[in-house]
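Participant: Pasting a predicted model and its sequence here:
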Amino acid sequence: MAHAVVIGAGIGGLTAALALARKGWSVTVLERAASIEPVGAGLAVAPNALRALDVIGAGDEVRRLAAIQGRSGIRVPGGGWLSWTTAGDAAARYGDPIVLLTRSVLVGILAGRLPRGALRVNTRVESVEPATGRVTVAGTRETIDADLVVAADGIRSRTREALFPGHPAPVYAGVTSWRAIVPLPGVTGASETVLASETWGPGLVFGVMPLAGGQVYCYATAKVPAGLRAADERDELLRLFGRWHDPIPALLEAADPAAVLRHDIHCLDTPLPAFHAGRVALLGDAAHPMTPNLGQGACQAMEDAVVLAERVSPDGDPAAGLAVYSRERLARTTPIVRRSRAVGRLTAWHNPVAVALRDGAMRAAGALGPNVALRQGDQIFTWSP
């Protein structure tokens, strides 16, 4: 049986392993961490990604365990809405709404479907030979011979650097981000229904995503130099957003300071020439790291995974299939990476005149109805495997 080695047990890597196994591949997943418990954060799974999950038989379980993004849209710090849509509008247009869940729930769903013995944690890959598919495990003499290697090793992918030495690395996108999951019962004064929203201010963004089980995922970005950190990140969030509309201040007050995560955002501004070399395929953030502004990072990784499994055959040399995968996914992901980057730059505007013009244009478009906002997602959300 043809053997595929997947480097990285994140969402993209796990989806790839499952998709390949369903196509008849023997699969081994190598994860450098001691466990696959992801960093605690929320995730929006858009209709295109739900279709990818349907291919591996996980879509319905995700729908069942996730919260549905009901009314949602863009707001201003005072609370007014610039534009909004509803889950019903999205489902009518795309066949599914956007659903919300924690990364840990999605990873658990995927990992629970792996073939027995497929996952090896605490296993770091030292090197990969593209021509032969030989994988060398760090700190040991062990080598693994693979017919196909899937590098899903993240934004700082060592495999990408080895395959394309000298290619420009991901760059700082100009904003830092915070993430936290807050228990709704602890939010004093918050209404029973917390609406999904993203609020844009001058160089600042705050997002609210209700999750199943009485939780709310909060995220924020600010335009600051790279590398800055605060002694207490929750206090920093309160300083920046504590006077914004409800329920933002209450959510921040209810957040556990120790659970607030902060990371600078990086993206790949110069697309790779290909997503493969020899027997090695790049996938997800290893191939096309993007800003989070369209909520498509994980979604595109899931798309990558099912397209890869469809294009490479376990019955022969994967070279031809990898070339098709690379061509298709470069054409698909490059405009999404660029569009997400453009939206990120728009949210980073802080000049009062520019912000007023931006908000006025969005308010005018929003006044034309929810379908105007939805149409902006057509090229992304209508994708099918």
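Facilitator: Ah, there it is.
Participant: pull the helix or strand with minimum mean pLDDT from this protein.
Facilitator: helix 370-375 (a mean of 70; mean pLDDT, DSSP states H and E).
Participant: And the helix or strand just after that one, what's buried?
Facilitator: Later in the chain than helix 370-375, the nearest helix or strand by DSSP states H and E is helix 378-381. Buried residues in helix 378-381, counting neighbours by 16 or more other Cβ atoms under 10 Å, are found at 380, 381. In short, each C-beta sits where N, CA and C put it, glycine included.
Participant: and helix 378-381, what does it pack onto?
Facilitator: helix 47-55, helix 87-94 (3 or more Cβ pairs under 8 Å, 6 or more residues apart in numbering; DSSP states H and E).
Participant: Please compute how far the longest one lies from its chain's middle.
Facilitator: Counting by Cα atoms, centre = their mean, to the nearest Å, helix 47-55 is centred 14 Å from the centre of its parent chain.
Participant: Taking helix 87-94 as reference, get the angle to it.
Facilitator: Here helix 47-55 runs at an angle of 70 degrees relative to helix 87-94 (axes from the mean of the first three to the mean of the last three Cα atoms, to 10 degrees).
Participant: Let's see helix 47-55 as CSV, backbone CA atoms only.
Facilitator: The C-alpha coordinates for helix 47-55 follow below in CSV (Å, rounded to 0.1, in the frame of the first residue of the first chain):
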residue,chain,number,x,y,z
PRO,A,47,-19.5,27.0,3.7
ASN,A,48,-16.5,26.2,1.4
ALA,A,49,-14.7,24.5,4.3
LEU,A,50,-17.8,22.6,5.4
ARG,A,51,-17.9,21.1,1.9
ALA,A,52,-14.3,20.0,2.3
LEU,A,53,-15.2,18.4,5.6
ASP,A,54,-18.1,16.6,3.9
VAL,A,55,-15.6,14.9,1.7
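Participant: okay, the following helix or strand past that helix in CSV with CA atoms only?
Facilitator: With elements assigned by DSSP H and E, the helix or strand that comes after helix 47-55 is helix 59-65. Provided in CSV are the C-alpha atoms of helix 59-65 (Å, rounded to 0.1, in the frame of the first residue of the first chain):
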residue,chain,number,x,y,z
GLY,A,59,-19.1,17.9,8.0
ASP,A,60,-22.3,16.9,9.8
GLU,A,61,-20.5,16.4,13.1
VAL,A,62,-19.0,19.9,12.8
ARG,A,63,-22.4,21.3,12.0
ARG,A,64,-23.9,19.5,15.0
LEU,A,65,-21.3,20.7,17.5
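Participant: List the buried residues of helix 59-65.
Facilitator: In helix 59-65, counting by 16+ other Cβ under 10 Å, buried: 59, 61, 62, 63, 65.
Participant: Residue 77: which of the helices and strands packed on helix 378-381 is closest?
Facilitator: Closest approach to residue 77 among the helices and strands packed on helix 378-381 (Cβ to Cβ): helix 87-94, 25.0 Å.
Participant: Provide the contact partners of the helix or strand just after the closest one at residue level.
Facilitator: Counting by DSSP H and E, the next helix or strand C-terminal to helix 87-94 is strand 99-102. The set of residues external to strand 99-102 that reach it, using Cβ atoms under 8 Å, 6 or more residues apart in numbering, is 40-45, 50, 62-63, 65-69, 181, 196, 209-212, 215, 217.
Participant: Need the buried ones from the residues you listed selected in ChimeraX.
Facilitator: Per 16+ other Cβ under 10 Å, the buried members of the contacts of strand 99-102 correspond to this ChimeraX selection:
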select :41,42,43,44,45,50,62,63,65,66,67,68,69,181,196,209,210,211,215,217
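Participant: Which ones among the contacts of strand 99-102 lie within strands?
Facilitator: Of those, the ones assigned to strands by DSSP state E are 42-45, 67-68, 181, 196, 209-211, 215, 217.
Participant: can I get the residues you listed in TSV with pLDDT and distance to residue 115?
Facilitator: As requested, the ones in strands among the contacts of strand 99-102 are exported to TSV (pLDDT from 0 to 100; distance: Cβ to Cβ, whole Å):
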residue	pLDDT	distance to residue 115
42	91	28
43	92	24
44	93	29
45	96	24
67	91	30
68	87	31
181	94	31
196	90	36
209	93	32
210	93	35
211	92	30
215	91	31
217	95	31
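Participant: Closest one to residue 315 out of these, please.
Facilitator: residue 45 (32.2 Å).
Participant: pretty sure the closest one contacts residue 109?
Facilitator: No - assessed by Cβ atoms under 8 Å, residue 45 is found out of contact with residue 109, at 10.8 Å.
Participant: For residue 282, which non-adjacent residue is closest in space?
Facilitator: residue 275 (4.7 Å; Cβ to Cβ, 6 or more residues apart in numbering).
Participant: which element follows whatever helix or strand residue 108 lives in toward the C-terminus?
Facilitator: Applying DSSP H and E as the criterion places residue 108 in helix 103-111. Beyond helix 103-111 on the C-terminal side, the first helix or strand identified by DSSP H and E is strand 119-120.
Participant: That next one - which strands sit beside it in the sheet, and in what orientation?
Facilitator: Partner strands for strand 119-120, per DSSP bridges, with pairing direction: strand 26-30 (parallel).
Participant: chain center to the partner strand, what's the gap?
Facilitator: With Cα atoms, centre = their mean, you get 22 Å for strand 26-30.
Participant: now the angle between helix 47-55 and the helix or strand encompassing residue 320, please.
Facilitator: Here residue 320 sits within helix 319-347, counting by DSSP H and E. Using the same axes, to 10 degrees, the direction of helix 319-347 lies 150 degrees away from that of helix 47-55.
Participant: Name the spans of the stretch 101-250 of the chain whose pLDDT lies under the cut-off.
Facilitator: Per-residue confidence for the stretch 101-250 of the chain (pLDDT under 70) gives these ranges: 185-193.
Participant: which stretches of it form helices?
Facilitator: 103-111, 158-163, 233-241, 248-254 (DSSP state H, counting those that start in this stretch).
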